[in-house]
Structure formats: C-alpha cells, structure tokens
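# Please work out how this folds:
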Amino acid sequence: MIMTKKEINILIAAGEGLNLEFKRRMDSRHADTLVAFANATGGQLLLGVEDDRTISGYTLSNELKSQIEGVARNCDPPVNIELQEVQMDNGVAVTVISIPPSGQGPYRSTNGF
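Purely as a prediction, here's the structure:
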C-alpha cells in the first residue's frame, strides 16, 4: 500500500494505537512489534517518528532495507512486510513498514514473543 505524506501526517496526528507504532529507528528488538501486528489485524510501523510525534527522520538506504527485511525473515514464520520511504515537508524521510494481516500465524519472534 503506497502512502502519501498527507496520510503519514494524519497517522502521526492520530497517535500510536493497536495498529500503529512510532520508532526512532529499526533494530532486532522491534521484531516483537512485527509479530504482534502479523498475529492481529496488521499494522504500520513508522520509523523516524518519536513517541511525542516529532518527525526525526529515517532514510531507507539499501543497507537499512536489508536489515529490516532480515528482522522480518528471522520471525517464525517470516513476516511479510512492505517498505516505503515517504519524503516529508521538513526535508526528512519517514520509513513505513506495513504488515498485512496474514492468517498464517501464530508468529513468533526470535525473542520468544
């Protein structure tokens, strides 16, 4: 699902919830979030957005794309994700990880969640 900066701003204004999380950046600890969304009704993880809704930015380089895909692949079973970088008005990018509902679960992360 392709998102626009207007849609990203609407999500940020609405705040975190059952299907939306904000993270400064991605690391392996966030596999739990991917698994939770996959086991539920799907969701979006916005990278480069602080808990207070400030956009700090997260540019999706090839290396970071590979890292994020690796975290999703290391879940059991692997979590399907869609990645997108959205350029915002303030000159920084937000990376969107969309996790569709699967029905394949239950999913588990390497952290045991």
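# C-alpha only now, for contacts and for neighbours.
OK.
# Please spell out which residues along stretch 22-29 are buried.
Phe22, Lys23, Arg24, Arg25, Met26 (16 or more other C-alpha atoms under 10 Å).
# Could you single out the nearest of the residues you listed to Ser56?
Relative to Ser56, the closest of those is Arg24; by C-alpha to C-alpha it sits at 7.1 Å.
# Can you tell me the closest non-neighbouring residue to the closest one?
Excluding the flanking residues, the one nearest Arg24 by C-alpha to C-alpha, 6 or more residues apart in numbering is Gly48, at 4.6 Å.
# quick one: the strands in the chain?
For the chain, applying DSSP state E gives strands covering 20-23, 43-47, 82-87, 93-99.
# what sits up against the longest helix belonging to the chain?
Longest helix of the chain, by residue count under DSSP state H: helix 62-73. Identification of contacts with helix 62-73 by C-alpha atoms under 8 Å, 6 or more residues apart in numbering yields Met26, Asp27, Ser28, Ala31, Leu34, Pro78, Val79, Asn80, Ile81, Leu83.
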